[in-house]
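Asks: here's my sequence, what's the structure:
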Amino acid sequence: MTDDAEGELRDQLLAAFSNAEFPVEDQMGLVPALPDGPMTRFEAGDRSFTAMELAAEIGEYQSFPYDSAEELVDDVMRAMRTENLL
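Replies: Predicted coordinates:
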């Protein structure tokens with residue numbers, strides 16, 4: 001994934017999760033913030049993931065609670081790099 005696509009994905013994640021009520025204690029606390037719930041789709045470059053797919057792929061890397069969307073998205077992006085999803 002190109003740097004532009006990574007940036008696009010990061011922007012989409014921030015936009016979606018910025019509506020969550022922080023602090024968020026677990027993945028279920030994020031669902032109400034997502035426009036289509038767990039089926040919310042994030043797309044960048046040639047990659048596409050639903051929120052549910054991301055949770056399954058990188059859930060073990062998340063370190064709840066999160067106090068901000070930025071903190072959450074930083075962990076998501078780091079985990080995606082680790083799992084070669086980017």
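Asks: any buried residues in the helix or strand hosting residue 9, and which?
Replies: Secondary structure here is read from DSSP states H and E; on that basis residue 9 sits in helix 3-17. Buried residues in helix 3-17, counting neighbours by 16 or more other CB atoms under 10 Å, are found at 6, 8-10, 12-13, 16-17. All C-beta atoms are positioned from the backbone trio N, CA, C, and that covers glycine.
Asks: with stretch 58-68 instead?
Replies: Neighbour counts using 16+ other CB under 10 Å place 58, 62, 66 of stretch 58-68 among the buried residues.
Asks: can you give the distance of that stretch from its chain's centre?
Replies: In this view, stretch 58-68 has its centroid 10 Å away from the chain centroid, taken as CA atoms, centre = their mean, to the nearest Å.
Asks: what is the mean pLDDT for it?
Replies: Throughout stretch 58-68, pLDDT has a mean value of 94.
Asks: convert that stretch to PDB, retaining C-alpha atoms only.
Replies: Provided in PDB are the C-alpha atoms of stretch 58-68 (Å, rounded to 0.1, in the frame of the first residue of the first chain):
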ATOM      1  CA  ILE A  58      -5.800  -7.100  14.800                       C
ATOM      2  CA  GLY A  59      -7.900  -7.400  17.900                       C
ATOM      3  CA  GLU A  60      -5.000  -9.000  19.800                       C
ATOM      4  CA  TYR A  61      -2.900  -5.900  19.200                       C
ATOM      5  CA  GLN A  62      -5.400  -3.400  20.700                       C
ATOM      6  CA  SER A  63      -4.700  -2.100  24.100                       C
ATOM      7  CA  PHE A  64      -8.000  -0.900  25.600                       C
ATOM      8  CA  PRO A  65      -9.000   1.500  27.100                       C
ATOM      9  CA  TYR A  66      -8.400   4.300  24.500                       C
ATOM     10  CA  ASP A  67      -8.800   7.900  25.400                       C
ATOM     11  CA  SER A  68      -8.900   9.300  21.900                       C
END
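Asks: show residues contacting that stretch.
Replies: When contacts are taken as CB atoms under 8 Å, 6 or more residues apart in numbering, the neighbours of stretch 58-68 outside the stretch itself are 22-27, 72, 75-76, 78-80, 82-83, 85.
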